[in-house]
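Student: Let's see this in three dimensions:
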Amino acid sequence: MECLDFRRLCDSDPNSGEPEFAAHAEQCTACARELERARRFDARLLAALRIDVPEASRDGLARAEAAPAGASPSAASAADASPSESWRADASAAGRGLPLRVKRLGLGLAASLIVAAGVGTA
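Tutor: Numbering: from 1, shown residues only. Next up, the predicted model:
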């Protein structure tokens, strides 16, 4: 395997199990450093995407799944929620009216921040 092929595979799958990939990493110190960098970035990205869901939210999701078709899950959860938690239902309902373009812009900005954080720490 050549360095260019190695780096392409390293960027797409730093944990590749291909024998040629592992052999090249053992022989080429520059590619071995690149592999270590890619694995560290991959681990940080996975850690950033790991989100713990509070027990109260799990209960709300279970109620929403159990609600009959056509029922508004935000209305049901807002009625059951305490005043300090009712803002979540209000925010969720408000977000449903946003245009798709605005939602995509928000997701694009979030993805850009994740990439910038990864590039800035590399």
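Student: And the contacts of stretch 22-35?
Tutor: With contact meaning C-beta atoms under 8 Å, 6 or more residues apart in numbering, stretch 22-35 is reached by Met1, Cys3, Phe6, Arg7, Cys10, Pro14. Placement of C-beta: from N, CA and C, glycine included.
Student: Neighbour-wise, give me the winner out of those.
Tutor: Among the contacts of stretch 22-35, Phe6 has the most neighbours (other C-beta atoms under 10 Å), with 24 neighbours.
Student: show me what contacts it?
Tutor: Phe6 neighbours (C-beta under 8 Å, 6+ apart): Phe21, His24, Ala25, Cys28, Cys31, Glu34.
Student: The last one: neighbouring residues, count only.
Tutor: Residues within reach of Glu34, counting by other C-beta under 10 Å, total 18.
Student: same deal with the second one?
Tutor: Using other C-beta under 10 Å, His24 has 21 other residues around it.
Student: could you give the mean pLDDT of the host helix or strand of it?
Tutor: Using DSSP states H and E, His24 maps to helix 19-27. For helix 19-27, mean pLDDT is 93.
Student: Perfect, that will be all.
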